[in-house]
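**Q** model this:
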Amino acid sequence: MIWLNVALMIVGIGLVATILLQNRSAGLGGAFGGSAEGFHVRRGSEKRIFQLSVIFSVLFILIAAAHLFIS
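**A** Next up is the predicted model:
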């Protein structure tokens, strides 16, 4: 049971780190539709960080659900 807590903390820290490392080029204006940018393709390290954040989020949800059902 303790290994689920440790795994949840490690994955949570990784998720926070990958989200904070992502590029914020749109800024706050992009959240409200004020961005004048067109289609943006992720390349290189930006793509890898995005993929890692998706993987960490799925792992976080799966581990949290397993912790809920096992507890």
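**Q** And the helices in the protein?
**A** Using DSSP state H, the helices assigned to the chain run over residues 2-21, 45-70.
**Q** Flag the shaky bits of the protein, pLDDT-wise.
**A** Counting by pLDDT under 70, the chain has low-confidence residues at 24-39.
**Q** same thing but 90
**A** 1, 22-46, 71 (pLDDT under 90).
**Q** middle-most residue in it, spatially?
**A** Central residue of the chain (CA atoms, centre = their mean): Ser53, 3.2 Å from the mean position.
**Q** hang on, it packs against Leu20?
**A** No - under the criterion of CB atoms under 8 Å, Ser53 is not in contact with Leu20, lying 9.7 Å apart. (Glycine included, C-beta is placed from N, CA and C.)
**Q** sorry, back to before: excluding its backbone neighbours, what's nearest the residue nearest to the centre of the chain?
**A** Once flanking residues are discounted, Ser53 sits nearest to Thr18: 4.0 Å by CB to CB, 6 or more residues apart in numbering.
**Q** Ser57 now?
**A** What sits nearest to Ser57 in space, not counting adjacent residues and going by CB to CB, 6+ apart, is Leu15, at 5.9 Å.
**Q** and if you look at Ile19?
**A** Nearest non-adjacent residue to Ile19, counting by CB to CB, 6+ apart: Ser53, 5.6 Å away.
**Q** and if you look at Leu4?
**A** Sequence neighbours aside, His67 is the residue nearest to Leu4 in space, at 4.7 Å (criterion: CB to CB, 6+ apart).
**Q** I'd like the distance between His40 and Leu8.
**A** Separation of His40 from Leu8 (CB to CB, to the nearest Å) stands at 32 Å.
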